[in-house]
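Asker: Pasting the sequence and the predicted model now:
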Protein chains: 2
Amino acid sequence: MSADTDADALADVPPMRADARRNREQILRAAREVFADQGPDAPLDEIARRAGVGIATLYRRFPHRDDLHRGVAIEVLTALVEAGSRAAAEEDDAQLALRRFMHAALDLKIGSVMPALLGRFTVDEILDGVPGDVVDPIDALLLRAQAQGLVRSDVVFGDITMMIMRLSRPLPGGGRFAADDALAHRQLDIYIDGLRPTGSPRPTTPLGGPAVDVAAFKRLRQRVIDDAREAHSEARADDTGHSDDTGHSDDSGESAAD
Amino acid sequence: MSADTDADALADVPPMRADARRNREQILRAAREVFADQGPDAPLDEIARRAGVGIATLYRRFPHRDDLHRGVAIEVLTALVEAGSRAAAEEDDAQLALRRFMHAALDLKIGSVMPALLGRFTVDEILDGVPGDVVDPIDALLLRAQAQGLVRSDVVFGDITMMIMRLSRPLPGGGRFAADDALAHRQLDIYIDGLRPTGSPRPTTPLGGPAVDVAAFKRLRQRVIDDAREAHSEARADDTGHSDDTGHSDDSGESAAD
DNA sequence: CGCTATGTGGAGAAAATTTCTCCACATAGC
DNA sequence: GCTATGTGGAGAAATTTTCTCCACATAGCG
C-alpha cells in the first residue's frame, strides 16, 4: 500500500472508469438518505431512482443489500470521525465544540448507520474501513465540556448520540413537512441548551429554523389536507359512496373497489 | 361521527357484545403502537397479531384502513385534550404543568396520530369525535409558562408538539433497543430543560431512564450483533454470497462472515 | 478518429409481502 | 340450552420488491 491511488493496483481489479466511480458515489449518497428516511429495508428501486441511475447499476456495484449497508456505514462513520476531530481542534470553547459536532452529525444523518451497525454484520467489518476509533473521540468531546462545567455531569454518551439518531429521521407523517431538516436543527439547539448545568451563565442559543406557531400549524395542516384530498379525488374519479354519516360505518363508502 | 359510547342508543345498531367491544379496544391500542412504530401504512396483520385477534375481526370492525386511522386519531386526541386540561388544573406550577403534559403526550404516542391528521381525511371528520378544541389548550399551557418567565419567549407551539411526535417513534434500527420508551422520556426531560430562559434559577431535572455511557453502548452493540449473527447463521446455512466486487479494495471477503 | 472494454438502463419474470373474503366454529347473553 | 353475534385462519388475489438479461452507450486509449 505504497500509495492509495493504486489501491486497485494490489488487487487484480482494474481501476474504475470515472463515470462509474461518480455513479457509485451518487448511489451511496442516495442510500444514506433513503435508509435514514425509511429504514434499512427500504426498496432498492427508490435508492436507484434518487441516485439517478438504473437499478442494474446499483446491483452491479452492490450485489447484496448488506454491501450497501456497509458502504454507507463506512462513509458516514469516516465523515463522523472527521467532523469530531475537526470540531475538537477548531473550537476553543468545549461547549461550542460539542454543539458543532452534534449539528454536523445530524447533517450526516447517522440514523442511517444505526441499522447497519446494529445487527447486520460485525463491527470489525465496518470499522476496518474507518480510520481510527469512532466512539471514544466523541465521548472525549463530552468529557471535556463536562470537565469545564459547561455540561451537566449526569449526561452520558448515549444522550449525545442517540438523540442525533432520533433527529436524523423525518417526522412521522410521510415526509409531508418540508422544513423537516431545519426543524431538526432547531430542536437540537434546544436540546443542547438543556445539557447545561443548573445556573449556567451561558445564554440560550438563538433559535433559527421554522418557528411553527399555532397559526402556522393550522395553515400547514390545512394545506396538507387539501393536497391529500386532491390526490384522493384524482384516484377515485367516480365517488360512489359519499360520506353519509353512519358512525364508524360498517359498509358505507366504496366497498365497490375501483 | 356520533360519540360512539352511546351511538348505539341513537342508531338502529344493536349494542355490541361485551367481548366484541373489548376486542375493538385492543385493536385500537395495538394500532396506535404499530402506527407509531412503522407509520400509517403498516401491515394490518401486524396490528391484528399485536391485538391478539384474528385478521377477520379487524376487518369486520374497521373495513377500511382509514376507519382505523380515524379511530386511533379520535381516541388519542381525546386522551390528549384530557391530559392537557388535567395538567393545567392539577399543577400550580406552569412549567411543571407543561412538563407533565408533554410526558403524558409522549406516552400517548401522538406520533401515531400525525399521519392520520395530516392528509388522510378532513380535520372535521376526526374532530367531530373529539370533545373541545385540541390545539389552543396546549398552546395555553405554553403561554402560561412563558408569561411567568419559566419558558423562554422564542419557543412556539411547534417546539412543544413536534418534538413529542418525533420522540414517540422508536429509535432507528428496528426496535432493537429495549429501553426505547424510557430513553425517550429521558431525552424529553433534557429537552424541556432546554426550554428554560437564560439564567433561570430552576434546577435541571434529575435524569431517570437508561444512562447509556460508552461502556453500555459497546455492550449493547455487541449483544445486538451477536443476536443478528445467530439469526443469520440459521437463515443461510448454505448461501455463500461472494461479494468481492465492491471495488473498494478491501480484501476482507464478507463471505467469511460465516 | 475509431475501437473496444467497461458501464448503463429498463423490461419483465420470479419471489415475497400484503390485502381481504369466506365459512366452519365458538360463546355471550338471554 | 338456544341463537344471534362474534371469531380465527386458510388461501386466492393484488400489490410490491427483487434481481437478471441484453441491446445500447461512452470513456479512454492509441
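Answerer: Here it is on my side, so go on. Numbers count the residues shown, from 1 in each chain, chains lettered A, B, ... in the order given.

Asker: From here on, just use CA atoms for contacts and neighbour counts.
Answerer: OK.

Asker: ok, A:V214 - contacts?
Answerer: Going by CA atoms under 8 Å, 6 or more residues apart in numbering or on different chains, A:V214 touches B:V135, B:D136, B:D139, B:V156, B:F157, B:G158.

Asker: All the helices of the stretch 151-258 of chain A, residue numbers only.
Answerer: In the stretch 151-258 of chain A, the helices defined using DSSP state H, counting those that start in this stretch lie at A:157-167, A:180-193, A:214-236.

Asker: Also the stretch 1-150 of chain A?
Answerer: Counting by DSSP H, counting those that start in this stretch, the stretch 1-150 of chain A has helices at residues A:7-10, A:18-38, A:44-51, A:55-61, A:65-90, A:94-107, A:113-117, A:123-127, A:135-147.

Asker: Show me what the last one is packed against.
Answerer: This points to helix A:135-147. Helices and strands touching helix A:135-147, by 3 or more CA pairs under 8 Å, 6 or more residues apart in numbering or on different chains; DSSP states H and E, are helix A:65-90, helix A:94-107, helix A:157-167, helix B:214-236.

Asker: So which of those is nearest A:R144?
Answerer: Of all the helices and strands packed on helix A:135-147, it is helix A:94-107 that lies closest to A:R144, at 6.2 Å by CA to CA.

Asker: At the contact with DNA strand D, which residues of chain A appear?
Answerer: Applying CA under 7 Å from any atom of the strand, we find that chain A lies next to DNA strand D at A:17-19, A:41-45, A:55-56, A:59, A:63-65.

Asker: One more pass at 6 Å, please.
Answerer: Within chain A, the residues that sit near DNA strand D (CA under 6 Å from any atom of the strand) are A:R17, A:A18, A:D19, A:P43, A:L44, A:D45, A:I55, A:A56, A:Y59, A:H64.

Asker: what's A:R169 in contact with, if anything?
Answerer: Residues near A:R169 by CA under 8 Å, 6+ apart: A:A36, A:D37, A:K109, A:G111, B:P172.

Asker: repeat for A:G52
Answerer: Counting by CA under 8 Å, 6+ apart, A:G52 makes contact with A:Q26.

Asker: cool, A:P210 as well?
Answerer: For A:P210, the contact set (CA under 8 Å, 6+ apart) comprises A:A179, A:A182, A:L183, A:R186.

Asker: looking at the residues of chain A next to DNA strand D, which has the most residues close by?
Answerer: Sorting those by how many neighbours each has (other CA atoms under 10 Å in any protein chain shown) puts A:L44 first, at 17 neighbours.

Asker: Who's the closest spatial neighbour of that residue, skipping the chain neighbours?
Answerer: Spatially, and ignoring its direct neighbours in sequence, A:L44 is nearest to A:I55 (7.6 Å; CA to CA, 6 or more residues apart in numbering or on different chains).

Asker: Can you get me a residue count around A:R21?
Answerer: Neighbour count for A:R21, taken as other CA under 10 Å: 14.

Asker: Would you mind measuring from it to A:I47?
Answerer: Look at A:R21 and A:I47: by CA to CA, to the nearest Å, they are 17 Å apart.
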